[in-house]
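Asks: Following is a predicted model, sequence given first.
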Amino acid sequence: MQSLIAIPTYQRAHQIVRAVEAALAQSQHDVGVVVIDDGSTDETQAACAQWFGHPRFGYIKLDRNLGTAAAKNVALALFAFDAITFHDSDDIPHIDKLLRQQRTLARTGLVAADCAPWHLAGGGQVADAPAELDLVLTAHRFVSADGRAARIARTLSLVEDFFPNLQFSAGPPGDWVLINSGLFRRDLFTRIGGYAESVEEDRDLRNRALMAGAHIWFIDDVLLDKYEQPDSLTAATATGYASARRRDDRTALWQTIADWRPGTTPAPVPIDLADLGIAFASLPQPLIVATDIALTPATRVRLDAIVAELA
């Protein structure tokens, strides 16, 4: 199984080195690492230059800032992988994170208990049919900008948009399971598409995976340390994370759930990168254009041109 760690980043030259070092140091030694620099104007490219030429490291700098969802979609659309995880530039994975996630994702013969209403899941899978896992999540340790630390492992948070009335006390306020640092099987994106253009792109993807009947496993061990900085997405006002747009995006995804009917799978969200430009690339192998993940027609034309230019 070929796994990829994608690190979308913007203006984090002071953080990116530690994140890349931890990603390349994974005990699963064949994991690829790619930094998608979302148009940074700081020294991010210079900070990553020490790995240019590394056989497992790639760097792509976009010609302008497109946002986190687009940066993640670049990795989905242009890189070969069987499984992918997304780390933020202030995420430090434990050395065995990918090893444990990959071994779990490769498990076979998993069968639902016959007392569960398995037939209601997307695809109508019956109880005695072995399942293939689509996504492996883990607990993580969150260290806030003011130095407070908390173990984050509230699995109920995965369905909070579907069942907002289920708000049992468990752990610190804001205890939620990270989706982006999960290990996704490529086939899941084939079924549900890429990231929507939204401030809530991870939340939206999580919900679409659940609606599609994705098989999800949770490793109840801390395998990632997440450090919030004053300029982190959740802390910096300039990112738009705490904004009217975020409220609008969240209202939209709630409406998607209201319109959904159990047992049906939402149409894949096509990746839209029709205006993508790449200012610089250092790659260990040629790029591809995904043929199994939904792309808008204009995106496919643009990506074909980019791949030809970089060949």
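Replies: Structure's in. What do you need? Numbering: from 1, shown residues only.
Asks: use CA for all of it now, contacts and neighbours both
Replies: Fine.
Asks: At which residues are the helices of the stretch 151-300 of the chain located?
Replies: Counting by DSSP state H, counting those that start in this stretch, residue ranges of the helices within the stretch 151-300 of the chain are 186-192, 201-211, 244-259, 297-310.
Asks: And the average pLDDT for the longest one is what?
Replies: The average of the pLDDT scores along helix 244-259 is 89.
Asks: Dihedrals phi and psi, residue 276?
Replies: For residue 276, the backbone dihedrals (degrees, to the nearest 10) come out as phi -70, psi 140.
Asks: Hmm, residue 60 and it touching each other?
Replies: No - under the criterion of C-alpha atoms under 8 Å, residue 276 makes no contact with residue 60, lying 11.7 Å away.
Asks: Counting neighbours, go ahead and name the busier of those two.
Replies: When residue 276 and residue 60 are compared for neighbours, residue 60 comes out ahead with 22 against 19, by other C-alpha atoms under 10 Å.
Asks: is it true that residue 77 touches residue 293?
Replies: Yes - using C-alpha under 8 Å, residue 77 is in contact with residue 293, at 7.3 Å.
Asks: So these two - more neighbours on which side?
Replies: Ranked by neighbour count (other C-alpha under 10 Å), residue 77 and residue 293 place residue 77 first, with 24 against 21.
Asks: quick one, what contacts the more buried one?
Replies: By C-alpha atoms under 8 Å, 6 or more residues apart in numbering, the contact set of residue 77 is 271, 288-290, 293.
Asks: Now distance to residue 73 and pLDDT too, for those residues, in a markdown table please.
Replies: As requested, the contacts of residue 77 are exported to a markdown table (distance: C-alpha to C-alpha, whole Å; pLDDT from 0 to 100):
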| residue | distance to residue 73 | pLDDT |
| --- | --- | --- |
| 271 | 7 | 98 |
| 288 | 13 | 95 |
| 289 | 12 | 96 |
| 290 | 11 | 96 |
| 293 | 10 | 97 |
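Asks: confidence score at the most centrally placed residue in the chain?
Replies: Centroid-nearest residue in the chain, with C-alpha atoms, centre = their mean: residue 180, separated by 3.2 Å. On pLDDT, residue 180 comes in at 86.
Asks: what bits of the stretch 101-250 of the chain have low per-residue confidence?
Replies: For the stretch 101-250 of the chain, applying pLDDT under 70 flags the ranges 112-114, 116-130, 168-175, 231-242.
Asks: what are the ranges of the strands in it?
Replies: Assigned by DSSP state E, counting those that start in this stretch, the strands in the stretch 101-250 of the chain fall at 135-143, 149-152, 183-185, 216-227.
Asks: by contact count, what packs against the shortest one?
Replies: Taking 3 or more C-alpha pairs under 8 Å, 6 or more residues apart in numbering; DSSP states H and E as contact, the helices and strands that strand 183-185 lies on are strand 83-86, helix 97-105, strand 135-143.
Asks: tell me the most buried of the helices of the stretch 151-300 of the chain?
Replies: Among the helices of the stretch 151-300 of the chain, helix 201-211 has the highest mean neighbour count (mean count of other C-alpha atoms under 10 Å), at a mean of 21.
Asks: now the angle from that helix to strand 135-143?
Replies: Taking axes from the mean of the first three to the mean of the last three C-alpha atoms, to 10 degrees, one finds that helix 201-211 is oriented at 150 degrees with respect to strand 135-143.
Asks: Counting by contacts, list what helix 201-211 packs against.
Replies: helix 186-192.
Asks: can you list the residues that contact stretch 256-275?
Replies: So stretch 256-275 is in contact with 70, 73-74, 77, 119-124, 161-162, 190-196, 207-208, 211-213, 293-296, 298-303, going by C-alpha under 8 Å, 6+ apart.
Asks: Quick check: buried residues in that stretch?
Replies: 257, 265-266, 268-273 (16 or more other C-alpha atoms under 10 Å).
Asks: Over to stretch 31-41?
Replies: Buried, per 16+ other C-alpha under 10 Å, within stretch 31-41: 31-40.
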